[in-house]
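Enquirer: Kindly generate the corresponding structure for this input.
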Amino acid sequence: MGVSNNQYKIVDQIKASESPEEFKDCFRTISEHTNFDFFLFALALPNTVNEVDVIVYDNYPAKWRTAYDAQGFSKKDPIVRYCVAECLPVKWSDVTQEKGFTEEDESFMAMANEFGLGPGFSVPLHAPNGGVGVVSLALEPGAIMSEFQFREALGLIQSLQSNILDTARNIQKERVSGFADLTKREIEALVWTAEGKSSWEIAQILGIKERTVNFHIAQASTKLGANNRTRAVSTALLTGILHPLIA
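Expert: Now for the predicted structure:
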């Protein structure tokens with residue numbers, strides 16, 4: 001059955017995903033329907049300016065994942081570097097032609113092959129509020145990725161990007177304490193705090209008492225796991241909870 005006949009089923013599967021396990025199965029489905037051996041989905045979603053939630057679902061060779069994580073290879077990976085800086089999909093074999101590709105990068109790609117990752121490609125993901133990620137598909141070493149296979153799989157992933165990002169963010173939001181419980185007043189107080197207003201100024205704008213403003217900000221901070229108003233605003237903005245222009 002061709003990819004086009006399965007596209008709507010995969011969209012439904014992604015939309016129905018409510019847990020990390022269900023979401024990971026979506027990428028397994030994508031790899032199976034496009035005849036790739038390996039898949040990886042990774043997304044870094046900011047919680048604050050200094051903290052991010054990193055989501056990784058993959059079936060890469062276990063030895064490679066162990067070495068990758070233990071040695072912090074994400075800081076050396078030329079594919080990661082490319083996906084942070086660029087928007088267009090890339091075949092791994094073409095990364096060698098990118099400006100700034102070094103002998104160290106070439107050794108890194110060769111090492112990945114030795115650990116069991118053959119030819120593949122990656123699609124950069126750029127989410128709202130600064131999130132950065134990637135969807136990658138790969139074959140066993142020695143296999144040949146035909147142009148038809150590449151284009152068919154690429155078309156499928158590109159058609160699913162919005163659904164993938166939306167579901168990933170929804171799953172992340174479930175982990176943000178109290179997200180659904182932020183009240184209208186709490187959001188308003190955070191919006192004006194983000195604009196640099198003091199509690200007294202916010203009180204004048206909203207027509208309430210200053211101590212009431214402080215109460216709303218304190219409540220919002222507690223729900224967001226923040227220890228002060230600055231961090232509460234940062235968390236609310238970067239996780240998409242707070243939208244000042246439409247609040």
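
Enquirer: residue with max distance from the center of the chain?
Expert: Relative to the centre of the chain, the most outlying C-alpha is that of K209, 39.9 Å out, by Cα atoms, centre = their mean.

Enquirer: How about the contacts made by it?
Expert: Applying Cβ atoms under 8 Å, 6 or more residues apart in numbering, we find K209 in contact with A203. Where C-beta positions appear, they are placed from N, C-alpha and C, glycine not excepted.

Enquirer: tell me the pLDDT at it?
Expert: For K209, the model assigns a pLDDT of 95.

Enquirer: what's the spacing between it and I187?
Expert: According to Cβ to Cβ, to the nearest Å, K209 stands 18 Å off from I187.

Enquirer: domains in the protein, as residue ranges please.
Expert: 3-173, 179-238 (automatic domain parsing).

Enquirer: For the spatially most central residue of the chain, which non-adjacent residue is spatially closest?
Expert: Computing the C-alpha centroid of the chain and ranking residues by Cα atoms, centre = their mean puts L43 first, at 2.5 Å. With sequence-adjacent residues excluded and distances taken as Cβ to Cβ, 6 or more residues apart in numbering, L43 is closest to G133, at 3.3 Å.

Enquirer: ok, longest strand in this structure?
Expert: If you go by DSSP state E, the chain has its longest strand at strand 38-46.

Enquirer: Summarise which helices and strands that one is packed against.
Expert: Applying 3 or more Cβ pairs under 8 Å, 6 or more residues apart in numbering; DSSP states H and E, we find strand 38-46 packed against helix 20-33, strand 52-58, strand 132-138, helix 147-173.

Enquirer: Tell me where the protein is predicted with low confidence.
Expert: 1-5, 47-50, 173-180, 238-239, 243-247 (pLDDT under 70).

Enquirer: Spell out the residue ranges of the helices in it.
Expert: 3-16, 20-33, 62-70, 78-85, 103-114, 147-173, 184-194, 199-206, 210-223, 229-238 (DSSP state H).

Enquirer: now the longest one against strand 52-58, angle please.
Expert: Note on geometry: by axes from the mean of the first three to the mean of the last three Cα atoms, to 10 degrees, helix 147-173 and strand 52-58 are set 140 degrees apart in direction.

Enquirer: Can you tell me how far I55 is from L182?
Expert: 23 Å.

Enquirer: Neighbours of N35, how many?
Expert: 15 (other Cβ atoms under 10 Å).

Enquirer: And G131, by the same measure?
Expert: 22.

Enquirer: wait, what's in contact with it?
Expert: L43, A44, L45, P46, L125, L165, R169.

Enquirer: Distance-wise, check the third one relative to Q172.
Expert: Meaning L45. 5 Å.

Enquirer: same thing with A67?
Expert: From A67 to Q172 the distance is 27 Å (Cβ to Cβ).

Enquirer: surely A220 meets L190?
Expert: Yes - at 5.6 Å, A220 and L190 qualify as touching, with contact defined as Cβ atoms under 8 Å.

Enquirer: Need the residues touching each of these two.
Expert: A232, A236.
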